[in-house]
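What follows is a predicted structure for the sequence shown.
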Amino acid sequence: MDGIILNGETKFTKTWRLKNSGQTNWTTEYALVFVSDNAVDSKAVIELPTIVKPGDVIDLSVEFTTPSKDGEYTSYWVLRNKDGKSFGLGDKSDRSFWVMINIANYTADIVPSENTPWILQQKFVKQIGRVITTK
C-alpha cells in the first residue's frame, strides 16, 4: 500500500501485521498509538482487540481519511504497553511503523491505449504522474 496514489478526502484502511517477538503477552491494555504525521486523519489510539502471546502475530488496522491537498503524506505509529511505554520496530524496538500515501486530485479526458497518439499519452502521464500500460 505504501506510495499508493489516492484522491483527496478518500477513506482507506491500512493493516499492519505485527509479531510479538518479546517475552511478555500483549494484552488488551496495549494499544496501537499515533506518533506523528502531516495531516492524514485517523483515530489516535486503538486498543488491541485480543491478547498476543510471544511468537504470535496480529493484524492491526486503522481507517484513515486522506487530506484534500495534493502531496505525499506519512503517518507514524508505535505500540504502547499497559504502563504507557511506547515501542516499535528494530533491534531496539524504537522505530515507528508507518503508512505513506500520495494525493493526486486528477481528472483525465482520455485514457491512453496503444492507438492513442504519443502527445496525448504524454499529457495523460503528466496529469497523473505515472505510466499506465494497456494491452
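Yes, it's here.

Domain ranges for the chain, per the record?
Following the assignment in automatic domain parsing, the chain carries domains at 4-104, 108-135.

Take these and write them to JSON lines, including mean neighbour count.
For every residue, glycine as well, the C-beta is placed using N, CA and C. Formatted as JSON lines, the domains of the chain follow (neighbours: other Cβ atoms under 10 Å):
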{"stretch": "domain 4-104", "mean neighbour count": "15"}
{"stretch": "domain 108-135", "mean neighbour count": "11"}
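
Among those, show the one with the smallest mean pLDDT.
Comparing mean pLDDT across the domains of the chain, the lowest value falls on domain 108-135: a mean of 48.

For this protein, just list every one of the strands.
Remark: strands assigned in the chain by DSSP state E are 4-6, 11-19, 31-37, 41-42, 45-47, 57-65, 71-80, 86-87, 97-103.

What distance do you get for the most centrally placed residue in the chain to residue 15?
Nearest residue to the geometric centre of the chain (Cα atoms, centre = their mean): residue 99, 2.6 Å. With the distance defined as Cβ to Cβ, to the nearest Å, residue 99 ends up 10 Å from residue 15.

and residue 25, which of the strands of the chain is closest to it?
When the strands of the chain are compared by Cβ to Cβ, strand 57-65 sits nearest residue 25, at 11.5 Å.

which other helices and strands contact that closest one?
Under the contact criterion of 3 or more Cβ pairs under 8 Å, 6 or more residues apart in numbering; DSSP states H and E, strand 57-65 touches strand 11-19, strand 41-42.
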